[in-house]
Every structure is written in structure tokens, then in C-alpha cells.
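J.: The following comprises the amino acid sequence and a computationally predicted model.
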Amino acid sequence: MKMTSALIPTLKEDPAEAEVISHKLMIRAGLIRKLGAGAYIYLPLGYRVLKKVEDVIRDEMDKAGALELLLPAMHPRELWEKTGRYSLLGEILITYKDRHGRDYLLGPTHEEVITDLVAREIRSYRNLPKTLYQIQTKFRDEPRPRFGVLRSKEFIMKDAYSFDADQAGLNRSYQSMYDAYRRIFDRCGLRYIAVEADTGFMGGDVSHEFMVPAGSGEDIIAVCGSCGYAASREVCGCQDVMVNDKSKKPAKLKKVETPGVSTVEKVSEFLGVKPISLVKTLLYKADGNPIAVLIRGDRTLNETKLTKYLSCGKLEMCDEKSIEEITGGPLGFSGPVDLKGVRIIADYVIRDMENFVAGANEKDMHYINVNLQRDFKVSEWADLRYVEEKDACPKCKKGTIKLKTSIEVGHTFKLGTKYSKALGANFLDSDGKEKPCIMGCYGIGVNRIIASCIEQNNDKDGIIWPLEIAPYKVIILPLNMAHKETTDIANRLYDKLTASGIEVLLDDRQESAGIKFKDADLIGVPIQVIIGEKALKQSKLELKQRRNKEVTLVEEKDVADTIRGLL
RNA sequence: CGGGGGGUAGCGCAGUUGGUUUAGCGCACUUGCUUGGGGUGCAAGAGGUCGCCAGUUCGAAUCUGGUCCCCCCGACCA
């Protein structure tokens, strides 16, 4: 492609709308433009990258034996009613009525459609296992689209679904996808970590997220510095840690005035103690039933863990009114002492605490020197807190946890029979019995691969594409367009490389050398062929690698071969 | 949805105590010359319903009310 015929609108300045590096560079390098919040245009250069990523995915999915198909984006509402997800997903769904008044939605994911298909087309264990996949646009009315293509309302997902006759089959299918995912992300030049994860609205039990640690991102993962254990922070278990000196004698329980002082920070400051010596009491309603959760003042309750522990559907914090009804005191002064008629669940972290501070269920009053057993009793103990930096590793117990901001590029789930049962995806097994298919599902955020790749591969000058997904492999830079020898060589080389199947961009613009260098670096093409009078004096061209800026002098006749050696 | 910031030329911004403003600056764009190894220099141009609507006023980018959109921080996920 010649620059003069291309549409690669590069920008000198950072766009005001972008905050994170990948977003800035995608706009500056002429990969994308925004249409509206969460909706992006892929310009020709960006679309080339997108297609490269899709090709890598297709290649590995096909190698893993998955079958590509294409499902509609428009789904009838009834299908989603059958699995109960129409109301579960709620406002995320983009819905509409067709001209006949029938309810439709734009697919945010495709378990319903694929399972419905399998229910109709697969009848025998002889047809299993099957893994089906597609690469297609998904629609989710995200409450807050952000970071460019990292979270958009419309995005491209590779989604795969496996159907097996038994659990062992699912395990094989799952492993096969897991391995394919590793190869895909490797080939896309990503440094990633596969972590144990929460299943969220997908359901199922086992789940892994493929996380790309980056300067920005919306997810936090917990990684053990010594044994390599890694998990999503949402599900990472917490080790018990002794913090208090058990030798201290329980002091006398005392009620103290704390006027207007209700938050952990304020209470600890007011009483001259650290948050670690406070117990906060959080009131929730789980499927409408009130519960009290006790956690140490310096820790954060993990609602994912709580929801899982309670096996409840809807978990919400109590409002001020119900807090008063439950505890008899106002918001900010709740405590476990004399708290009656409520199920009390405590995080393990408070088991070792002594002489701590807690609310007195009374306006402007707290207790000090509160002690377990003597002053109140806890009937249920659970791991309910978020893991923090420097916590002990839940697996090896020795190492300490590090938290890393990451981008989720892939997620795999062992779904089990949730969807096959709901939609009647049954098959006749060899024993003559009808059974539901055992399912797995596997997603990759295609746009996110691009953004996270840029997050990990850039410098002050721009993007540094890994070869496999670079929009072009080579860019030819004739520095002086007024110099005939330069342009002759450039054209000859362009024709030769193009003819030999190498994707090459020729910067044939009447621009100064500086502009060409800047743009070439910005759009990040891996190999630059610089044609300048300096090296031409020795009858040489310069081959420069974008990643390390290494330059080698090469004769024109050897350029093609040298490049092939680098690819 | 809650909290914060913002909409002025393609991009980045200034102007906002109402009136010398005919609305500016830098970059980009057009034409000519120039330059040709890290965003070359000079000159001449083109480009705007100041987000939108309504109001106040002799006069509104500037004040008032409404409305739409965008960005950032919190509750969701590929």
C-alpha cells in the first residue's frame, strides 16, 4: 500500500478524550475513531490488525478441532426467558421491538442461541463431543464504557461452546481450549497470566480468566511472589493471620461517646486507635433476609465471596431505614454487641481480635474493649474479605500476594448443564438414556487483544507491533522524494516485496524525513527500510527494527532476503 | 445511577467581569517558493449556526433556565 493512496490519519497531539496509553495511541496512529460512547470505527489500518488477530484465533481454534459458524445478533426474547437471563442481565441487554411488536434483543453472548441449536441438531452421543465457535459482534449497554475499545458497548468476541457427553469429556474439551488460548495470546505477543476466576452471570463452577497485566485495566489479580499462584482478586482466598497479641488481658467493656463520628477513619482518629482495632458491622439483605457481616476495620468486604457463601441471588446493602429497624441504631453506629434477631456472619480475620472497637447500635455511641464470646457470639465464620497486597498466599502459605492491574482478554468456563437443561439440549447416550449435554464456554475479547498488546508494546514514539499482528510487516521510507535515485529504488523495492507476498507500506508522500520517521514509529510497523542519500553513498539501504531501533546496512539486492530472515 | 470536569475550525487550546472581536492562537489543510536524516522555513489562502433550544438585553461565545453529548472517579464484564 502506498501512503498517498491510504487513509492513515495520524495525529501529532494526544486526543483530549483518551486517558490510557493504548487508547491514545490507537487514535493517534490512525487505527480507530470514536462514533459515540462505546462505539468505535476501525479505520483501514486498525481493521487490518483486527483481521490479523482474528486469523490467529481462527487458526488455533481450527487446529483445536473447533468448528466455526455464525449466529445471528438478533435474538427473540423468549429464548432468553427460558434460561432466566432476560431479567438477570437486565439493563445490559439492548432490546427492541420489531415491526410486529415482537421483543428482540441484540446478543450480549450466545449460550442461549447455540444451546438451542444443539438441542435441535444433536441427538446421539455419537455426535459428541462438538466445539462450535464464531467471531462476531456483541452488544452490551455498559453502564460506563471507557478506555477506548477496552470497554465498549459494541465489541467483537470470539465465543466458543463445547458440548460433551460426560464430565471427563468436558475436561478434555476445556483443556483443549485452554491450550489453544495460550497459543493465541502467545502469538499475539501478550504477556498474560491465567487465573482462577469468578463465573459471574455465566454460572458453572470452574473458570479461568486470561489476564494481561498492564498500566491500565479494570481488573485486579492476585499473584503469589513465591509459588506463582494466581487468581482474580474477586475469588482469591485469604489466609488467617495473627495480628493481635493474645497475651493481652480482656479489658472491661465500655460504652463511649463518639458524637457524629461514624466512619472507620473518623472513629479510629477520634479514639486514637488504628482501623485494625475496629470491627465494622455491615448490614445486608440477601434475597430480602437481613444479615450482619463483621469484618476488621482496615479490610474490605468481598461481596462476591459473600454471595457465594450465602448461595443467594440478590445481595444488597441495607438502606438507612432498614438499618435502624434491624439494629435499633442509625447508620454508622452498628455493632455486634446486643444485636438480636439477625444472622451474624464474621470474617475469619476478626477471630484473633481482642479489646476492639465496635458500634453500640445507638446514635453517637461506640463500645471499646469488645471481646468475642464474652460480649457477643458469632455462629458463622467465613472467608469474606478481599485479599490485600502482602497477604499470605492461600496456596503455599509462605509467599506474599502482589496485586496487579490487568486487562481480561479471555475467559473460559465449565458450565455444566445449566443451559442444556434449560433449553433441552439432550442426547441419547450409549446406555440408552437421555442426558443433557455437559457444556463449556470460552470467550476472547478480540478488540481487547489489540489494546492490551499496545499497552504492553509501546515506547515514547508509539506502537511496537509484534510481527504476527502488525498491520504491515515493512514500511519503506524514501527520505528525499526529490531525489530520483531514492524514489526509483523505493518503487523497485516496493514492487519486489509486494510481489513476493510481503505486506509493505510505501511512504511516498512529499513530506520531510522527520515526518516520515515520526509516523513510521507511531504506527509501529516492525521493519523500516530507510532510503537516504547518506547510506546510498555506499550503495546501501538501512534496515531498521522498530522494537530496538537497530540499524543494519544492506545492499538493495539483499533487502528482500534479509527481511524474510527477520519475519 | 451517584460524584467531579468539559463542549469555541479537522486536532489541541485561549477568550467567558456582556460592547475595538470583523471570534483568536498552535498544528493540520490549499497554493507558490524553499527545505530534504527526526514533525524545515517564508508568503498568501480556505475553513466557525462558539453543542442545541428558549429567555434577559439596544447588544450574548460571555448572563439565566432547560436540554443533548463527551470525559474522569465509584457499582458490571470479553
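T.: Happy to help now that I have it. Worth saying up front: this structure is predicted, and the values here are computed from it rather than measured. Residues are numbered from 1 along each chain as shown, chains lettered A, B, ... in the order given.

J.: Show me which residues of the stretch 1-150 of chain A sit near RNA strand B.
T.: Within the stretch 1-150 of chain A, the positions near RNA strand B by CB under 7 Å from any atom of the strand are A:10-17, A:19-20, A:34, A:36-38, A:92, A:109, A:140, A:142-147, A:150. (Glycine included, C-beta is placed from N, CA and C.)

J.: For the residue of chain A found nearest RNA strand B, the count of nearby residues, please.
T.: Residue nearest to RNA strand B within chain A: A:Gly532 (1.9 Å; CB to the nearest atom of the strand). For A:Gly532, the count of nearby residues is 17 (other CB atoms under 10 Å).

J.: and if you look at A:Asn548?
T.: 8.

J.: The one 5 residues further on now?
T.: If you count neighbours by other CB under 10 Å, A:Leu553 ends up with 11.

J.: what's whichever strand or helix holds it packed up against?
T.: Counting by DSSP states H and E, the element that carries A:Leu553 is strand A:551-554. Other helices and strands packing on strand A:551-554, by 3 or more CB pairs under 8 Å, 6 or more residues apart in numbering; DSSP states H and E, are strand A:541-545.

J.: Give me the contact list for the strand it packs on.
T.: With contact meaning CB atoms under 8 Å, 6 or more residues apart in numbering, strand A:541-545 is reached by A:489, A:493, A:526-532, A:535, A:550-556, A:559, A:562-563, A:566.

J.: Buried subset of those, written for ChimeraX?
T.: Remark: buried members of the contacts of strand A:541-545, expressed as a ChimeraX selection using 16 or more other CB atoms under 10 Å:
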select /A:489,493,526,527,528,529,530,531,532,535,554,556,559,563
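
J.: So which of the contacts of strand A:541-545 belong to helices?
T.: A:489, A:493, A:535, A:559, A:562-563, A:566 (DSSP state H).

J.: and the residues you listed near RNA strand B, which?
T.: Restricting these to contacts with RNA strand B (CB under 7 Å from any atom of the strand) yields A:Ala535.

J.: Let me have the ones in helices among the contacts of strand A:541-545 in a markdown table, extended by pLDDT.
T.: Below are those laid out as a markdown table (pLDDT from 0 to 100):
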| residue | pLDDT |
| --- | --- |
| A:Ile489 | 97 |
| A:Leu493 | 97 |
| A:Ala535 | 95 |
| A:Val559 | 96 |
| A:Thr562 | 96 |
| A:Ile563 | 97 |
| A:Leu566 | 94 |
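
J.: Can you check what pLDDT the model gives the closest residue to the residue of chain A closest to RNA strand B other than its chain neighbours?
T.: Distances taken as CB to CB, 6 or more residues apart in numbering place A:Leu479 nearest to A:Gly532, at 4.2 Å, with adjacent residues excluded. pLDDT recorded at A:Leu479 is 96.

J.: again, but for A:Ala73
T.: Reported pLDDT for A:Ala73: 95.

J.: So what's the residue count around it?
T.: 18.

J.: What's the mean pLDDT across the strand holding A:Leu553?
T.: Strand A:551-554 comes out at a mean pLDDT of 97.

J.: any idea how far it is from the chain center?
T.: Put simply, strand A:551-554 sits 41 Å off its chain's centre (CA atoms, centre = their mean, to the nearest Å).

J.: Quick check: can you name the pairing partners of it and their directions?
T.: Strand A:551-554 pairs in its sheet with strand A:541-545 (antiparallel), by DSSP bridges.

J.: So for the strand it pairs with, what gets flagged as buried?
T.: A:541-544.

J.: next one: stretch A:30-44
T.: For stretch A:30-44, by 16+ other CB under 10 Å, it's A:30-32, A:34, A:38, A:40, A:42-43.

J.: Residues contacting that stretch, please?
T.: A:6-11, A:17, A:25-27, A:45-46, A:49-50, A:142, A:145, A:148-149, A:151-154, A:447, A:450, A:523.

J.: mind listing which of these are in strands?
T.: Among the contacts of stretch A:30-44, DSSP state E puts A:Glu154 in strands.

J.: From the buried residues of stretch A:30-44, pick the one nearest A:Leu253.
T.: Of all those, A:Gly38 has the smallest distance to A:Leu253: 53.8 Å, by CB to CB.

J.: Spatially, which residue comes closest to the closest one, not counting chain neighbours?
T.: Using CB to CB, 6+ apart, the closest residue to A:Gly38 is A:Pro145 (2.9 Å).

J.: what does the helix or strand containing A:Asn369 rub up against?
T.: Element membership for A:Asn369, per DSSP H and E: strand A:365-370. Contacts with strand A:365-370, where a contact means CB under 8 Å, 6+ apart, come from A:250-258, A:261, A:267, A:271, A:279, A:329, A:333, A:335-337, A:355-360, A:375-376.

J.: That strand pairs with which strands?
T.: strand A:254-257 (antiparallel), strand A:356-359 (antiparallel).

J.: Let me know which of those is tucked in deepest.
T.: Comparing the strands paired with strand A:365-370 by mean neighbour count (mean count of other CB atoms under 10 Å), strand A:356-359 ranks first with a mean of 26.

J.: about what we covered before: mind putting the strands paired with strand A:365-370 into a markdown table with mean pLDDT?
T.: Output for the strands paired with strand A:365-370, formatted as a markdown table (pLDDT from 0 to 100):
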| stretch | mean pLDDT |
| --- | --- |
| strand A:254-257 | 91 |
| strand A:356-359 | 92 |
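
J.: Just send those back as TSV, with distance to A:Ile368 too.
T.: Output for those, formatted as TSV (distance: least, CB to CB, whole Å):
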stretch	distance to A:Ile368
strand A:254-257	5
strand A:356-359	5
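
J.: all helices for the stretch 151-300 of chain A, in order.
T.: Ranges of helices within the stretch 151-300 of chain A are A:167-187, A:264-271, based on DSSP state H, counting those that start in this stretch.

J.: now do the stretch 401-550 of chain A
T.: Along the stretch 401-550 of chain A, counting by DSSP H, counting those that start in this stretch, helices occupy A:418-423, A:446-456, A:484-499, A:513-523, A:533-536.

J.: most packed of the ones you listed?
T.: Highest mean neighbour count among the helices of the stretch 401-550 of chain A (mean count of other CB under 10 Å): helix A:446-456, a mean of 27.

J.: on that earlier part again, closest one to A:Asn171 among the strands paired with strand A:365-370?
T.: strand A:356-359 (46.0 Å).

J.: Return the distance of the closest one from the chain's centre.
T.: Its chain's C-alpha centre and that of strand A:356-359 lie 38 Å apart, by CA atoms, centre = their mean.

J.: on that earlier part again, isn't the residue nearest to A:Gly532 right up against A:Gln528?
T.: No: look at A:Leu479 against A:Gln528 with CB atoms under 8 Å: they stay out of range, at 11.0 Å.

J.: ok, now which ones touch the residue most central in space within chain A?
T.: Nearest to the mean C-alpha position of chain A, counting by CA atoms, centre = their mean, stands A:Glu408 at 1.9 Å. Counting by CB under 8 Å, 6+ apart, A:Glu408 touches A:209-212, A:217-219, A:445, A:448.
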